[in-house]
Structure formats: structure tokens, C-alpha cells
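A.B. asks: Below is the structure, and that's it, no one-letter string:
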């Protein structure tokens, strides 16, 4: 925006010059008129300068910065980030410029996620949304009333490019749940022009910030097909709980293996919006979830701290359950099963050799419906590997999506689940 | 800003009309010139309209809204908040308009805190800061490069009034640690013109979002003197941990009774900035802390969920310790001791009668230096009332501030602390 105002001001300067010339002409009539309009142009210039603050237009949009510097000066937008290296938190912060992150859904969580990554100086952001900004979105961070009516992607690019021109922004105004939308989504993820030597897909991470089950399943499908690591996020309809989850195809549960507890609320979300029911939302819950999501993203990309497999947030009690979920060997998603096979053949044996696993504790209950198993994690106490205190599984609606596969095994499985429960209680 | 652009456009319209008149004059010379300038004015109008998006200027800044409505339409900025009532979370959301919140420090945490409360439709915000916006602040949310050089208070008022014109904003560009700054701070908190019938001070809550020990002690002093409930917040210098804390003078520990663990890092923060050492910061950690702080504020003001007495955030491990701290009967802050006496005489006996306390478990270790005692809390398991797993007290530097009072009791106390520890381990 400021760039265009600057252009306009420079054009006005040219007109002013021509008027100054005209005011020296011989014809008195033309001189009077020229001076008259000169005053008008000066007035317009002055008012535009006033609107944007005197002298600030020159540095309103900062120029691009070639290398991230750790220099401690007020004019360095990266000084506080590069300080993470001196503080011993991150080994090489500047590597963030090599990474591409795709954000699906630019709503209450996705927009703040995009802003945080932009301010952190991420290399490239891919943004997907088909919705428009409304006044009804103003109870969440990021969008401004002046952007009402714009597409969320356009409004986001406007704000983000102003905040940090170093970030490469790609926006896709489309619905990934349509056939053509899904095709564009897939091809944009595969595109490697930003870093041609990158292995796998063209992005380092996909972040799902959508608000419905259908779109989550589509992201899950795309990532399973591509073998693409991604993170899920969600906020409940009563606005006071949420979650983030890391999904590595073949290695962890996919979204079809076991949907997060918060999302599985027994309501068909697809019908919710059409009926005009208004879900509650808060900038606090969405800001916290975006913060936890981007923090996990930074830990994953820049290799520091412990990347969290699943983290819940219950705002009423300030309760933060965490857990790990292994993939379901009977998952109905074919691409998930393929990735599981690959992981079992290629990755798992190598890791086992490296980690010198002492005991084989996996697949204790291979035939249990949820495939809940105690995950080997030497850094954690036993308590964190089972369902955390206070968590209740929303079984009924999740079952709907699984019945064709699990129907015949239901009885055996219930027995097994009972035994497992008794074993846990006996500990 | 949009208002001024609209004014300019309306003035250009007037000029255009006069030019249209002039183009009908008899003199061919004047007609040609008039048409020439008419085209220039049209060009300027068109470019300004384009910069702000066609037709959007009319509703760029929305008008004030008299009553909060729960109507589910895209044009209602409060629909998703009023939905909290229908969802059974909040009994009366609209009461938020009666409340005043003071935010001290408009930096990485304070600015996001102010934006969240503004978007929630808080009645009145009082903002305190003396600093200016720098490019070095751009790694945190809220401020934009175009605001570099403005005071943080001015820039905040500019952004917040645009987001929600219903919120009454008061900004104070001052340093509360100076004598005159403290006087203005105190008188602004006492001012009841917004709600003359309010009991106590003129504000419902003070939020401390400052980045140094000295300013925290000043907020603590002011709130102890006024008997004002407040919340503390902080982020560590390595950017990967933070905390929030509720302080009710006389009822809970004040900041002088026991400074939060994260702040007590053994470094004199006052000298840190002067030496040009650059602390690390992240938009994620600060966004999470602001989110938790405002969530706790909403729970406190609108009476829902459990208001958290202390909540820590360790980003590396995604660990969220919580605890409660009783006031220190030997606190060196005189105003704290006065509030403790009032609470013991007036409030505590009433509460005891109401709650029908079965056992007297208080003051088990009246002579222990930290006055750590098991707080009676029927909603919680025993585990949460002692120091949570993974927390380590930063004793050495906190001792500096306490030595004059506790020096002679150190030996007895250590014995007591040992006994307490052994008792906990035996459980």
C-alpha cells in the first residue's frame, strides 16, 4: 500500500514541476490558473504526507535484507532472533530462510500462524483459503476492518509483505476439497523451484489450520500420498479448548487412524455452517494454539527442544494433555498403509539398530481397535504414554468412519481393551 | 487514517465539480486547462480508491456499536463472542463493556494483550509505555514497519482504535519507575470517571507486561497500596519460557513475597539493557503468554472456568507447571503486610464459615523461608499443591532481596525445608 502512495506522490511531484514551468508562461490567464492548481497539488501532497506521518513514507516499507545479521541495533529486525544462537537455543537460526511452509486455512489460527512465521523470517509461505474477510472475524487477531470484503489470501499477502518483504509469499485462493482445488494444492506442494535440491516434496512442512473435518481429511490424503510431514491444529466450537498434533506418514497415526479428541465432537461439521449456527471463538484460544503450533514448527525445522507429537489445551482448567499415537495397521486410508509398510521396511530397522532398543514392546495389542500401545520413550515417565488424566475419547462419531473395516472385530477388541485397561489400573 | 483519506477524496470531489463548471466557460484556453486538470484529479481519485480497494472506503472504519448483539450475520463483530453465552461458557458476555483493564508495558506481550482485549470488546484500556517502536521489535506480533519511530502508546492507539472503535483507550507515554511517572500511574488507576459507582480503584485489573524487575516492583507497590488485584507476566531472556501469575494483595503472595521463578534468573536485568546485550525473543512464546494472560483475565472478569494462580510455560518441553502461593507473613513490603492483616480480619473468617473448612492445614511451616504451604483446594489433586515436577527454585538471586529480613532464620529454615522434602518423598 505504502509503495503505491509513494508512486502517487512522485507523480504529483512531476505535475507540480510542470505547473511551476507553466506559471512562468507569458499569458497571465495561464499563469493564474497554473498557480491555482499548484496550490491544490501541494495541498494533496501535504495531506497525503500527514496521513502517513511526516517523513515516514521513505522507510515505511523496509527494503529486503540479504543476510540475517546478529548485530544489536534498533534497525535490525532479526537481532532478537539471531540472539537465539548466542543464548544456546538454536545452532543455526539463518537456516530458517531455506524452509517452505504451507498453511491451509487462513482463519483465526492460520492467519496468526502465517504472521508469526513471517516475523521469524521463514523462507517461503504457501497460503490456501477461499473465504473472504468479514466483520464477524474481527474477534480474532490479524485481519483489520479495512480488509473486509477482500479474500483472506489477498488480505494476508498485503499485511505479511508489509511486515517482512524478505519472505516469499505464494497465495492460492481455492477450496482444497474440490477436485480442481485438490489438484492445484498437490502440484503446488510438489513444486521445487524454491529449492531444487530438496528431497521429497517442495515444502518442508504443511500446517493444517482449517475448521472442518472434510478439509482435514483432504490434507491428510495429500500428505499421506506425498509422504509429507504435517501438523494438525484445531479449536473447539465452544472456543475454550484446542490441540496441535504432529503427523509423520507411516511413523505416527495419520488423521484417519485416530482423529484428535477435540475435533471428534459427534457433530457433522459440514452441516454446521450451512445451517447458520454460529460457533464461538476467542482470540486468546486461537492465539495460544497458533503460538504452540509455530513453536512446534520452529523446533521441528531448526532442531531444538522436543517436538511435541500431540498437545491439547483446556482453557477452563489450564490443562495441557500430551500423548503419542502410533499408526493404525488397519487404517482405512490406503496411502497411510503404504507409508506404514515403507517405514517398517526402511526406517524402523535402521532406528532400532541405532538406538539399541533393549526390549520389544511394540504391537502388544495388535488387534485392538484403537491400536493404543505404550510408546517407547526413554525421556518420559510411564504416565505420559497412556491416555492422560482428564482425557475422554469421543468414540461414537469416530466409529462412523471406521465401521466398514472394524465391524467384524468389535467383540474381540472390546475384550482386549478391557484387559488393557485392567493392566493399566493394576500398575 | 481511512477517515482522513475519505475527507481528502471528498475535497477532490468539490474541486472536480468546480473544474466541470470551468470547462463550460467561454475562453477556450481556460476550458482546455480545466479539462486537463479534471483528468489529473480523476487520476488521483482513482489511484487513491485503488490503494484502499474499490468501494471499501465507505466502511473502512466501522461506526460504534451501541449494544452487543448475538445476531449471526457476517457484519456483526461480536457474534462469535456472544456465542459463548449460547455455548454455556459465559453467563453474561456483554458485561465485558463495564470493565477497565490497565496494561503496563506495550511490548511483545503487552501489545498482543491489548489487541486481544480490544477484539474481545473490553470497556476501557489504559496503556502505559515510554518506549518507541523499532525495526528490532518486528520479530514480535502487533507493530508494523510503518510505525517505526512512533511511541508504542501512539502506535497502539492508532491500530487498536481502527480495530475496535467501541473500546475507550487511554494512553500514558511515561516511565512508571520515575517519581512523576509513578504519581500519574497511581492517579490514573484511581480515576473513576468511566464507572463512578465502582468499588475500590477505577480499574478492574492491572496487567504487568514489563520486561524488568524494577518496573514489576513498582506495579507491585502500586497494587499493594491500592489493594488492586493484578496479573504478572514474563518471558525469559532465552525466549523459550514464560509465566503468568495472579496477585491479590493480602490473599496471595505479592511480587515481593516470592518473585516468579522465571524472572529470578540471577542476572541484574537493569544493567542488561544498558550494556547493549540483546535478549532473544520469539513471537510464539510471547503470543502464547499473552493468550494465557488474556484468557485468565477473561475468566476472572466474566467468571467462568478456573482462574489460574500461576502458570508456567516451558517451550522446549511443552511443560506447563502450575501452583498457588500464599503471602509471606514476613514480606518486606509494608503495604503487602497491611493487606494481609485486612484479609486475615475481614475476608478469611467469612470464607472459612462459607466453605465449611474441615481441617486447618494452613501455616504448617510458618517459619520456613519461602512459606511454601499446602493450599486447601478441593478441586485439585495433592500433586499440584506442592512444587510441580521439573520446577527448580532460583534461590540465590531471590535471596538478595530478602536477606535483611530472613538472615537470622536461615538455619532453622533449611532444616524445616529438608523435613518437608523428606515428607513429600515418603508419600
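C.D. replies: Looks like it came in fine. For clarity, every value in this text was computed on a predicted model and none was experimentally measured. Numbering: from 1, shown residues only, chains lettered A, B, ... in the order given.
A.B. asks: Residue A:195: helix or strand, and which one exactly?
C.D. replies: Assigned by DSSP states H and E, residue A:195 falls within no helix or strand.
A.B. asks: The one 4 residues further on now?
C.D. replies: Residue A:199 is part of no helix or strand, with elements assigned from DSSP H and E.
A.B. asks: Could you do the one 3 residues further on as well?
C.D. replies: Following DSSP H and E, there is no helix or strand that holds residue A:202.
A.B. asks: Now do the strands in the stretch 151-300 of chain A.
C.D. replies: Remark: strands assigned in the stretch 151-300 of chain A by DSSP state E, counting those that start in this stretch are A:168-173, A:205-208, A:230-235, A:241-247.
A.B. asks: What is the neighbour count of residue A:10?
C.D. replies: Neighbour count for residue A:10, taken as other C-beta atoms under 10 Å in any protein chain shown: 9. C-beta coordinates here come from the backbone N, C-alpha and C atoms, glycine included.
A.B. asks: isn't there a helix covering it?
C.D. replies: Yes. Per DSSP: H, G, I helix; E, B strand; the rest coil, residue A:10 lies within a helix segment.
A.B. asks: Spell out which residues sit in contact with it, please.
C.D. replies: Not one residue lies near residue A:10 by C-beta atoms under 8 Å, 6 or more residues apart in numbering or on different chains.
A.B. asks: how far away is it from chain B?
C.D. replies: For residue A:10, the distance to chain B equals 12 Å [C-beta to the nearest C-beta, to the nearest Å].
A.B. asks: ok, now which ones touch residue A:122?
C.D. replies: Residue A:122 neighbours (C-beta under 8 Å, 6+ apart): A:96-97, A:99-101, A:167.
A.B. asks: wait, isn't residue A:107 in contact with residue A:131?
C.D. replies: Yes. If you go by C-beta atoms under 8 Å, residue A:107 and residue A:131 touch, sitting 7.3 Å apart.
A.B. asks: What helix or strand is the residue nearest to residue A:13 when sequence neighbours are not counted located in?
C.D. replies: Nearest non-adjacent residue to residue A:13, counting by C-beta to C-beta, 6 or more residues apart in numbering or on different chains: residue A:45, 7.7 Å away. In this assignment (DSSP H and E), residue A:45 forms part of helix A:28-51.
A.B. asks: Of all the residues in that helix, which ones are buried?
C.D. replies: Neighbour counts over helix A:28-51 (16 or more other C-beta atoms under 10 Å in any protein chain shown) mark A:30, A:33-34, A:37-38, A:40-41, A:44-45, A:48, A:51 as buried.
A.B. asks: That helix to helix B:28-52, inter-axis angle?
C.D. replies: Using axes from the mean of the first three to the mean of the last three C-alpha atoms, to 10 degrees, the inter-axis angle of helix A:28-51 relative to helix B:28-52 is 10 degrees.
A.B. asks: quick revisit: residues contacting the residue nearest to residue A:13?
C.D. replies: By C-beta under 8 Å, 6+ apart, the residues touching residue A:45 are A:9, A:12-13, A:16.
A.B. asks: With residue A:333 instead?
C.D. replies: A:220-221, A:224, A:254, A:256-257.
A.B. asks: Please identify which two of those are farthest apart in space.
C.D. replies: With C-beta to C-beta as the measure, no two of those lie farther apart than A:221 and A:257, at 13.0 Å.
A.B. asks: Off-centre distance for stretch A:125-137?
C.D. replies: Relative to the chain's own centre, stretch A:125-137 is displaced by 13 Å; criterion: C-alpha atoms, centre = their mean, to the nearest Å.
A.B. asks: How far does it stretch from one end to the other?
C.D. replies: Stretch A:125-137 has an end-to-end distance of 22 Å (C-alpha to C-alpha, to the nearest Å).
A.B. asks: before we move on, back to that, among the contacts of residue A:122, which are in strands?
C.D. replies: Among the contacts of residue A:122, the ones falling in strands (DSSP state E) are A:100-101.
A.B. asks: Find the pair from the contacts of residue A:122 with maximum spatial separation.
C.D. replies: A:97 and A:101 (12.0 Å).
A.B. asks: Now that we have the buried residues of helix A:28-51, can you turn them into JSON lines and tack on pLDDT and distance to residue A:281?
C.D. replies: Output for the buried residues of helix A:28-51, formatted as JSON lines (pLDDT from 0 to 100; distance: C-beta to C-beta, whole Å):
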{"residue": "A:30", "pLDDT": "68", "distance to residue A:281": "62"}
{"residue": "A:33", "pLDDT": "71", "distance to residue A:281": "57"}
{"residue": "A:34", "pLDDT": "72", "distance to residue A:281": "57"}
{"residue": "A:37", "pLDDT": "75", "distance to residue A:281": "51"}
{"residue": "A:38", "pLDDT": "75", "distance to residue A:281": "53"}
{"residue": "A:40", "pLDDT": "77", "distance to residue A:281": "47"}
{"residue": "A:41", "pLDDT": "76", "distance to residue A:281": "47"}
{"residue": "A:44", "pLDDT": "78", "distance to residue A:281": "42"}
{"residue": "A:45", "pLDDT": "72", "distance to residue A:281": "43"}
{"residue": "A:48", "pLDDT": "73", "distance to residue A:281": "37"}
{"residue": "A:51", "pLDDT": "66", "distance to residue A:281": "33"}
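A.B. asks: Most neighbours of all the contacts of residue A:333, which one?
C.D. replies: Compared across these, residue A:254 has the highest neighbour count, 29 neighbours, by other C-beta under 10 Å.
A.B. asks: so what's that one closest to, chain neighbours aside?
C.D. replies: Leaving aside its chain neighbours, residue A:254 sits nearest to residue A:336 (4.3 Å; criterion: C-beta to C-beta, 6+ apart).
A.B. asks: Which secondary structure element is home to the one you found?
C.D. replies: Assessed by DSSP H and E, residue A:336 sits inside helix A:334-342.
A.B. asks: and for that helix, what are the contacting residues?
C.D. replies: A:221, A:224-225, A:227, A:249-251, A:254, A:256-257, A:327-329, A:331.
A.B. asks: Just the ones of those residues in helices?
C.D. replies: A:221, A:224-225 (DSSP state H).
A.B. asks: and which of the residues you listed is nearest to chain B?
C.D. replies: Among those, residue A:224 lies closest to chain B (C-beta to the nearest C-beta), at 25.5 Å.
A.B. asks: wouldn't the closest one be in contact with residue A:254 here?
C.D. replies: Yes. Taking C-beta under 8 Å as the definition, residue A:224 is a contact partner of residue A:254 at 5.8 Å.
A.B. asks: Point out the residues in the stretch 101-250 of chain A that sit beside chain B.
C.D. replies: Neighbours of chain B within the stretch 101-250 of chain A, by C-beta under 8 Å from any C-beta of the partner chain: A:112, A:115-116, A:119-121, A:134-136, A:138-141, A:144-146, A:148-150, A:162-164, A:237-240.
A.B. asks: Which residue of residue A:107 and residue A:131 possesses the greater neighbour count?
C.D. replies: A count of neighbours by other C-beta under 10 Å puts residue A:107 above the other of residue A:107 and residue A:131, at 21 against 15.
A.B. asks: quick one: secondary structure of that one?
C.D. replies: Quick answer, by three-state DSSP: residue A:107 is coil.
A.B. asks: Would you mind giving the ones in helices among the contacts of helix A:334-342 as TSV with pLDDT added?
C.D. replies: Listed next are those as TSV, based on pLDDT from 0 to 100:
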residue	pLDDT
A:221	97
A:224	98
A:225	97
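A.B. asks: Spell out, range by range, the helices that occur in chain A.
C.D. replies: A:2-22, A:28-51, A:79-86, A:110-119, A:152-163, A:179-190, A:213-226, A:269-274, A:283-302, A:334-342, A:348-355, A:395-400, A:403-406, A:410-426.
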